[in-house]
Structures are given as C-alpha cells and as structure tokens.
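1. give me the fold of what follows.
(chains A and B, ligands or ions: 2)
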Amino acid sequence: MSFADYVASRWQELLVDAAQHASAVIQCTLIAAVLGVALGVAVHRSPAGSAVATALTSAVLTIPSFALLGLLIPVLGLGVAPTVTALVLYALLPIVRNTIVGLAGVDPAVLDAARGIGMSRAGVLTRVQLRLAWPAVLTGMRVSTQLLMGIAAIAAYVKGPGLGNVIFSGLSRVGSANAINLALAGTIGVVIVALVLDGAYVLLGRLTISRGVA
Amino acid sequence: MTGEGTVSGVEICLDQVTKRYPGSQVAAVDEFSMTIPAGQVVVFVGPSGCGKTTTMKMINRLIEPSSGRITIGGRDALSLNPDKLRRGIGYAIQQAGLFPHMTVGENIGLVPGLLGWQQQKVRARVEELLDLVGLDPAQFRNRFPRQLSGGQQQRVGVARALAADPPVLLMDEPFGAVDPITRGNLQDELLRLQSELRKTIVFVTHDFDEAVKLGDRIAVLGPRSSILQYDTPEAVLANPADDTVAGFVGAGASLKQLTLLRVKDVDLDEAVTAPTDEDPAALHVRLTMQNSKYALLLDARRRPVRWVHVRELVGGGALSTLGRPVEATVTQRSTLQDALEAILTEGGHVPVTGQHGEYLGVVRIDTVMDVIRTLREEHEHDHD
Ligand SMILES: Nc1ncnc2c1ncn2[C@@H]1O[C@H](COP(=O)(O)OP(=O)(O)OP(=O)(O)O)[C@@H](O)[C@H]1O
Ligand SMILES: [Mg+2]
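-> Residues are numbered from 1 along each chain as shown, chains lettered A, B, ... in the order given. Ligands and ions are numbered 1, 2, ... in the order given. Predicted coordinates:
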C-alpha cells in the first residue's frame, strides 16, 4: 500500500491521534504555564532564587525523556499520570526563565509610578508586571509547546496518548507491510500539529499583546 | 506664584522624619522637619544623593519613614492604608513612568478607576485633563505612550497625577528628561495650571533655575536632607544662608527672562557717593543722616572704586584705604541677568557706569526681584 493510500484509509484514526497529541501538549503547556509563572513571580525579585529556579528547571532538560518516563513508571504507573508529569517538567524551564526575564525587564520607573498612584501590590502584579511580561511568557510557552511535541511522541512508551502510538507501532514491526507508513504518518503528523500550534501562538500573540508593547 | 483660583491644596507637616536604609550606617534623611503651606509650590533642590527623593517619597509612603510624624491636611499619613493614601496624592516622575501597554486615556483614567468612578465620569475626566495639559483628546486619547514625544509623555504624566483631583501633588524631576525648550514650556504650563488649581505641590529638582521659576518657596537641601535654607526664591537669591547655598545659587541662577531685559530698562537708585579724599568723619555724618549703611567712593573721574561701610568710618585712616574694592560694575547695556550675578558678588547692589566708566547709579536686588515678579505675572497672563 502506498503512503497516500495508507493515510486515506486510516485518516480518521490518525486525526484522533493527532487531536489527542495536540490536546496533551496544550494541556501540559497550560499547567506548566500556571506553575512556571507562579514560580517566576515568586523568585524574580531574588537573584539567588532566580538562579536556583533556572538551574533546577534546566536540570530536568538534561534527563533523556526515555529515562525520565521510565523512572516515573514505578511511581506513577502507566498512562496519563507519567505522561503529564514528564511533559509539565520539560515545559517548565522556558516558561520560568522567560517569566523571570520578562518581569526583570519591566522599567522600574513604571513600577514606581504604579505604586505611587496607589495600585495595590496584587494590582501592580496583575495589571502591570504580568501584562508587560506577557510577550516573554508567551514566547516561553511557544518554545515549551514545540519541545513537548517531540517528547509527547515518546510518551507512547508509557502508554500515553497521541501520535507516538502510531510511530511506535510502526517501529515495533519493522519489516512488515505498513511499518514505514505508520512511522512516517506519525512523524509527519507531529510536524503538522507543531506547525498548526505555532500558527495559533502567532494569532494568540496578536490578540493578547497590547499594541503599546508589541 | 499667586494666582486667581481658590486654594484646593492642604498643608503638609513633616516632623523629625528620619529614614535609615537597612544596612546603612548614616541616615539618608535625618530628622527632617518642615511645614509646607496649603496651595503652595515647594521645591526641594540640592545635589545628587542628598535625599530629596527619599524625603518626598516618605510623604506618600513609597518609602516608610524609620521615625517621625507626617500629617497631610491634619491627618496622620502613617496611620492610613498606604494604597488609599497614595490614591489621594498625585505622583509624577521623571520619564513619566507611563504604562506602556495602556493607552493615554487608560493611563489617565487609572486612578479614578481605582477609586471606583463610573466609566462615563472617567471618560469625561480624561477629556478634561487632556485639554488641561494641552493635548487634543480626539488625537491623543487612544495613542500608546511610545507614540508620543518625550514632552507629550510628561504632559500625560502630569494629567495622570491630576486625574482624581488630589489636593497634594508630588513631582520628582518630572521635566528632567526633556530638552530645555520643552522643559521651559512644561514649566510655564505647570505655572498656569497651578494658578487655577492652587494645589500643594512638592517638586524635586536639581536645577536651581527651575526651582526659582516654579517655587513659591525653595528648600535648599544638603547632606542627609538637612535644610540649608527654606525661603522664597527672592530671599534665597538675595540672601543665601551660607556659602553652600550661595555656591548653588551662583552656579545655576540664570533666570532666563532676565537676559531679555537691560539695565537701562529699570530705574536706577542713588547710592551715597563720596570722593576718595573726603573726610571720613564728614562722610559718616552724611551716611547717618541719609540712613544709609554703605558709601560708594569715586575716583577723580567719578569712577566707582570702593565700597565702605558706615562702621568702618569711625576707626580713622584715609578713605582710600577703607572698605573693599568694587569687584563688579555693569553698564546700561548689561542684561539684568548680568546685573543679578554682579549684585550677588557685590552683595545687594551693583554700581552702573556710563560710557567712560563714570558712576550713574546703582541697581539694587529689590529692583531685580520686582522685575522678576512682574515678568512672572505677565508670563502667567500670557496663557489666560
Ligand atoms: N533603596 C535604597 N537603599 C539604600 N540606600 C538608598 C536607597 N535609596 C537611596 N539611598 C541612598 O540615600 C541617599 C539619598 O538618596 P535619594 O535618592 O533620596 O537622593 P536624591 O537627592 O533624590 O538624589 P538625585 O538627585 O540623584 O535623585 C543616597 O545616598 C542614596 O544612595
Ligand atoms: Mg532623586
């Protein structure tokens, strides 16, 4: 069967896998964004805290994803739990780092003015600091999303959802009829989902970044 | 700077206010006590690092005093909620500190919003304020700060500070980052606004010209925010409290308007004059009769040579050795700026000489101060 015929015959299953893949990546990026921004906000005023947070989150990146997933199996079992945990951990670094950089980049005069006109600390954080750091945070999320696209495929190893399953089943039957088609379909699928999500980020940026700072 | 509006400002009292930054041996502000009268502009002027900003920021508690008392309109500032306190105090700073992600209208409307004003009322207020600071609302309301020139940003900064009509305004070098011509315009506008609004304004600068131009009173500050002199600009110019203040005055005092006027434009005063060979005792009698302290000695060609004080005449000795030499003279064509500088070196008055260096009269500090006052009033009326 040619690749085109294979995709034509399986496109519904492929679409479900692609949707699950995207969904897992997006949800994990969102969880990582919430945690990463909170962590960034917590440490950004202390140089030592910032250094530690950056060092810890980048240490995660040095662990090969196969190894991390494998290590999580005895703790969390198979399926969603280890997948989400691993993906969130990998997504943290770009978001934490960019949150810290974004917050540090806010003009001190602007903060002085914000406090000076009577905004509460929470008001300054949500209406000024995070708004001004948002372009950097969003860039961090975009990088994390790209990073997770590949790692999510490997999560099929712990029975995670997504296109990784297609690739893995291709790789597990090398030599048989559809092995190449499966692997190819999964891989191309990951690339397409990545491109679509990247486009979504551009759109999101347009919609959410103030024209005053874009 | 007296104007026609009714006073909307309130009195601010600082009583032995001290700020000691953590980890610092010496206090940044040491037992600072001052009463800032309602409706007046008080300018803190002094060298970099003397504590102007720290002192000012303790009024709205951006910096918490280590000790001391501050009352604003009779209310104890240190017992209020700091955020609420600040919403009632206008705050404008160098580089404007506008929120770059908000439009001009959103920047100005922020404090009224925090105070819970209706949207409709906020919008109307934004229009009114943009008009007040000389920016066309239709053109500027929806712009972002980066789409404005430096001067326009400062105007918006002032409008934002005025938004909730606070009785007190704190301004920390608000015009420090713009070119001299724009700065002059912004100062003129502030004077015009203040003549209507009559707020209590604390203004920080290290430009003495700006202090003289804007202040009803000037506080010349020294190390640890010590008050070297706290008085009207006229008095600071005329009678610097000490050498430090004098140095500050001399270094910076160039009242630009004074360079537009010449000595021939003002009435000269007569000094008691005497030829160098007059009998000291006779001169003493003349001075006493005319109720004057100083005599100006003229040489044979009536050129001013020495000032002599009435006290110096009693000890005896020839006139030509008494008193001190005339250091500076001006001509009819000198600017009043030159005259003022000369007056400050000569001490209260300077001789005016004619074409051949002969004595014509003197210009007194009071004359120059009258001119400054008139100029300033005229200047205010230009904008009406
Ligand atoms: N946050 C701080 N921590 C420690 N020391 C400080 C702090 N802020 C200011 N100082 C010190 O307090 C002193 C007064 O500073 P301040 O900013 O009030 O001076 P200033 O008169 O406003 O100076 P400038 O004209 O340069 O703005 C300085 O010696 C400064 O180094
Ligand atoms: Mg300062």
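2. for chain A, see how far away B:Val369 is.
-> I think there's a mix-up here, since residue B:369 is Met and not Val. 36 Å (C-beta to the nearest C-beta, to the nearest Å). C-beta coordinates here come from the backbone N, C-alpha and C atoms, glycine included.
3. just the pLDDT for that residue.
-> Predicted confidence (pLDDT) for B:Met369: 85.
4. help me confirm that it comes into contact with B:Thr232.
-> No: between B:Met369 and B:Thr232 there is no contact under C-beta atoms under 8 Å: 9.3 Å.
5. list the buried residues of stretch A:99-109.
-> For stretch A:99-109, the neighbour count (16 or more other C-beta atoms under 10 Å in any protein chain shown) marks A:99-103, A:106, A:109 as buried.
6. err, stretch B:51-66, not the other one
-> If you call a residue buried by 16+ other C-beta under 10 Å, then stretch B:51-66 has these buried ones: B:51-63, B:65.
7. check stretch B:145-159 too.
-> Buried, per 16+ other C-beta under 10 Å, within stretch B:145-159: B:145, B:148, B:150-159.
8. now, the residues you listed that are in helices?
-> B:150-159 (DSSP state H).
9. of these, closest to chain A?
-> B:Gly157 (7.9 Å; C-beta to the nearest C-beta).
10. how much space separates the closest residue to the closest one other than its chain neighbours from ligand 1?
-> Nearest non-adjacent residue to B:Gly157, counting by C-beta to C-beta, 6 or more residues apart in numbering or on different chains: B:Ala96, 3.6 Å away. Applying C-beta to the nearest ligand atom, to the nearest Å, the value for B:Ala96 to ligand 1 is 16 Å.
11. for the stretch 101-250 of chain B, what spans make up the helices?
-> Listed in chain order, the helices of the stretch 101-250 of chain B (DSSP state H, counting those that start in this stretch) span B:104-114, B:119-132, B:137-140, B:150-162, B:180-197, B:208-214, B:233-238, B:243-252.
12. follow-up on the earlier one: tell me the one of the buried residues of stretch B:145-159 nearest A:Ala18?
-> Distance to A:Ala18, by C-beta to C-beta, is smallest for B:Pro145 among the buried residues of stretch B:145-159, at 43.4 Å.
13. show me what the lengthiest helix in chain A is packed against.
-> Assignment by DSSP H gives helix A:3-43 as the longest helix of chain A. The elements that helix A:3-43 packs onto, with contact taken as 3 or more C-beta pairs under 8 Å, 6 or more residues apart in numbering or on different chains; DSSP states H and E, are helix A:47-62, helix A:80-104, helix A:130-154, helix A:164-172, helix A:179-208.
14. can you list contacts of the helix or strand just after the second one?
-> Looking back up the chat, that one is helix A:80-104. Following helix A:80-104 in sequence order, the next helix or strand is helix A:108-116 (DSSP states H and E). Outside helix A:108-116, the residues within contact range by C-beta atoms under 8 Å, 6 or more residues apart in numbering or on different chains are A:123-124, A:127-129, A:132, B:60, B:62, B:86, B:91, B:93-100, B:157, B:170.
15. what's the answer for stretch B:303-317, then?
-> Contacts of stretch B:303-317 from elsewhere in the structure, counted by C-beta under 8 Å, 6+ apart, are B:276, B:280-281, B:283-284, B:287-288, B:292-299, B:319-320, B:322-326, B:329, B:346, B:351, B:353, B:356-359.
16. may I have the beta-bridge partners of the closest residue to B:Gly323 other than its chain neighbours?
-> Nearest non-adjacent residue to B:Gly323, counting by C-beta to C-beta, 6+ apart: B:Val308, 3.1 Å away. Going by DSSP bridges, B:Val308 is paired in beta bridges with B:Ala295.
17. separation between B:Val308 and chain A?
-> Distance from B:Val308 to chain A, counting by C-beta to the nearest C-beta: 56 Å.
18. give me the number of residues near that residue?
-> The tally of other residues near B:Val308 (other C-beta atoms under 10 Å in any protein chain shown) stands at 25.
19. and what of B:Glu31?
-> Neighbours of B:Glu31 (other C-beta under 10 Å): 15.
20. what are the pairing partners of the one helix or strand it maps to, and which direction each?
-> Assigned by DSSP H and E, B:Glu31 belongs to strand B:29-36. According to DSSP bridges, strand B:29-36 forms sheet pairs with strand B:12-19 (antiparallel).
21. give the buried residues for the strand it pairs with.
-> Neighbour counts over strand B:12-19 (16+ other C-beta under 10 Å) mark B:12-14, B:17-19 as buried.
22. again with stretch A:18-32
-> By 16+ other C-beta under 10 Å, the buried positions in stretch A:18-32 come out as A:18, A:20-22, A:24-26, A:28-29, A:31-32.
23. could you do stretch B:34-48 as well?
-> Going by neighbour count (16+ other C-beta under 10 Å), the buried part of stretch B:34-48 is B:34, B:36, B:38-46.
24. which of these lies closest to ligand 1?
-> Comparing the buried residues of stretch B:34-48 against ligand 1 with C-beta to the nearest ligand atom picks out B:Gly46 as the nearest, at 6.1 Å.
25. returning to what we had before: turn the buried residues of stretch B:34-48 into JSON lines, including secondary structure.
-> Output for those, formatted as JSON lines (DSSP: H, G, I helix; E, B strand; the rest coil):
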{"residue": "B:Met34", "secondary structure": "strand"}
{"residue": "B:Ile36", "secondary structure": "strand"}
{"residue": "B:Ala38", "secondary structure": "coil"}
{"residue": "B:Gly39", "secondary structure": "coil"}
{"residue": "B:Gln40", "secondary structure": "coil"}
{"residue": "B:Val41", "secondary structure": "strand"}
{"residue": "B:Val42", "secondary structure": "strand"}
{"residue": "B:Val43", "secondary structure": "strand"}
{"residue": "B:Phe44", "secondary structure": "strand"}
{"residue": "B:Val45", "secondary structure": "strand"}
{"residue": "B:Gly46", "secondary structure": "coil"}
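26. many thanks, have a good one.
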